[in-house]
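**Q** how does the following fold in three dimensions:
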Amino acid sequence: MRKKVTKAIFPVAGLGTRFLPATKSVPKEIMTLVDRPLVQYAIDEARAAGIKEFIFVTSRGKGALEDYFDHSPILEQELRKKGKEDLLEILKDTNMDSGAIAYIRQHKALGLGHAVWCARRLIANEPFAVILPDDVIAAEKPCLQQMVEAYEETGGNMVAAMEVAPEKASSYGVLDVKEDMGSVVSVNGMVEKPKQEDAPSNLAVIGRYILSPSVLRNLNQRKQGTGGEIQLTDAIAEDIAGDVPVYGYRFKGKRFDCGSKAGFLRATVAFALARDELRDDLMEYITEVAQVSRAAE
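**A** A predicted model of the protein is given here:
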């Protein structure tokens, strides 16, 4: 019987330099879309997929991220005293049970593959998920849950994939498709950040993975790839030669790249418009701004 995916790695060691000066003192992962930090969206998605153990690969200066998941007795006491039960319920989602969450330090920024490798001793010999909080996905059924359901049929390794414009291929890992079966594609290989003319397809890998422990064994070789970094896509591609299949999964949903300022702003607007209590006021403001912009042309 196939083992269930119950552990997830969250690589959050990056410095977030694109968002300076905010990230001088605030980890990027707790910057908020409307009123919830990026990392909360990732945690909620993982929980919906059945994840029970949460492994964060962090670095120096991420203390506020660790504090976010702790109980806050004084705040909870004040809310309880004032009868604000609705806010207490919201806080429950931010709390982690003792032992459910672990923090591993990545002391050198050697790439995503290295970050995942840092957590190897907590994974042992079982499948695991990797979630990049920068990639926020709005979906009726959370993306990782979609993937877990597909993985139960396929096994092997699975990466979330979406179609991108050819000129954007150089920003992603790109799939070399063996067979297209609709939502699921089998893969011959993966190419990290290819030139437009060298891209084997327009299916790009985004920040959701379900991986076999064999990927960690591949990462043990510490091979440097594109940019001199240890690339996760290279370690996944090695599994194909070792008879562990790799699949791409076309998820249903809208992905926002919150690693960029423009993507973060798009996500903020999209998630705010999805909120009943914010939609009307925000739409009125957006309409006003659009009218002023057109009048100025």
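**Q** for residue 58, give the beta-bridge partners.
**A** Residue 58 forms beta bridges with residue 105, as assigned by DSSP bridges.
**Q** that one reaches residue 64, doesn't it?
**A** No - using CB atoms under 8 Å, residue 58 is not in contact with residue 64; the gap is 10.8 Å. All C-beta atoms are positioned from the backbone trio N, CA, C, and that covers glycine.
**Q** who has more neighbours out of those two?
**A** The neighbour count for residue 58 versus residue 64, taken as other CB atoms under 10 Å, is higher for residue 58 (22 against 13).
**Q** mind checking how far the more buried one is from residue 77?
**A** Counting by CB to CB, to the nearest Å, the gap from residue 58 to residue 77 is 29 Å.
**Q** one more: residue 194?
**A** 55 Å.
**Q** those two: which has the busier surroundings?
**A** residue 194 (18 against 10).
**Q** these two touch, right, residue 105 and residue 61?
**A** No - with contact defined as CB under 8 Å, residue 105 does not count as touching residue 61 (11.1 Å).
**Q** compare those two (neighbour count), which wins?
**A** Between residue 105 and residue 61, residue 61 has the larger neighbour count (other CB under 10 Å), namely 15 against 12.
**Q** list the contacts for that one?
**A** 15, 27 (CB atoms under 8 Å, 6 or more residues apart in numbering).
**Q** distance of it from residue 12?
**A** Residue 61 is 11 Å from residue 12, by CB to CB.
**Q** overlap of the contact sets of the two?
**A** residue 27.
**Q** and residue 214, what element?
**A** helix 213-219 (DSSP states H and E).
**Q** hmm, I typed the wrong one, I wanted residue 9.
**A** strand 7-11.
**Q** list the contacts of that strand.
**A** 39, 42, 46, 51-57, 106, 112, 115-116, 119, 122-123, 126, 128-133, 144.
**Q** so what strands line up beside that strand?
**A** strand 53-58 (parallel), strand 128-131 (parallel).
**Q** what about the following helix or strand past it, average pLDDT?
**A** Downstream of strand 7-11, the next assigned helix or strand under DSSP H and E is strand 32-33. For strand 32-33, mean pLDDT is 90.
**Q** list the helices and strands strand 32-33 packs on?
**A** The elements that strand 32-33 packs onto, with contact taken as 3 or more CB pairs under 8 Å, 6 or more residues apart in numbering; DSSP states H and E, are helix 261-273.
**Q** give the rounded mean pLDDT of the next helix or strand after the helix it packs on.
**A** Of the helices and strands lying after helix 261-273 in sequence (DSSP H and E), the nearest is helix 276-296. The average pLDDT within helix 276-296 is 85.
**Q** what angle separates helix 276-296 from helix 261-273?
**A** Orientation of helix 276-296 against helix 261-273 (axes from the mean of the first three to the mean of the last three CA atoms, to 10 degrees) gives an angle of 130 degrees.
**Q** what are the contacting residues of helix 276-296?
**A** 34, 269, 272-273.
**Q** any stretches of the stretch 1-150 of the chain with poor pLDDT?
**A** 1 (pLDDT under 70).
**Q** all helices of it, in order?
**A** For the stretch 1-150 of the chain, helices defined by DSSP state H, counting those that start in this stretch occupy the ranges 38-48, 63-68, 73-81, 85-92, 112-118, 120-123, 143-154.
**Q** identify the residue spatially nearest to residue 15, adjacent ones excluded.
**A** residue 23 (6.7 Å; CB to CB, 6 or more residues apart in numbering).
**Q** kindly report the same for residue 251.
**A** residue 143 (4.6 Å).
**Q** isn't that neighbour right next to residue 131, touching?
**A** No - applying CB under 8 Å as the test, residue 143 and residue 131 come out as separate, 9.0 Å apart.
**Q** list residues touching both of those two?
**A** By CB under 8 Å, 6+ apart, the residues touching both residue 143 and residue 131 are 45, 208.
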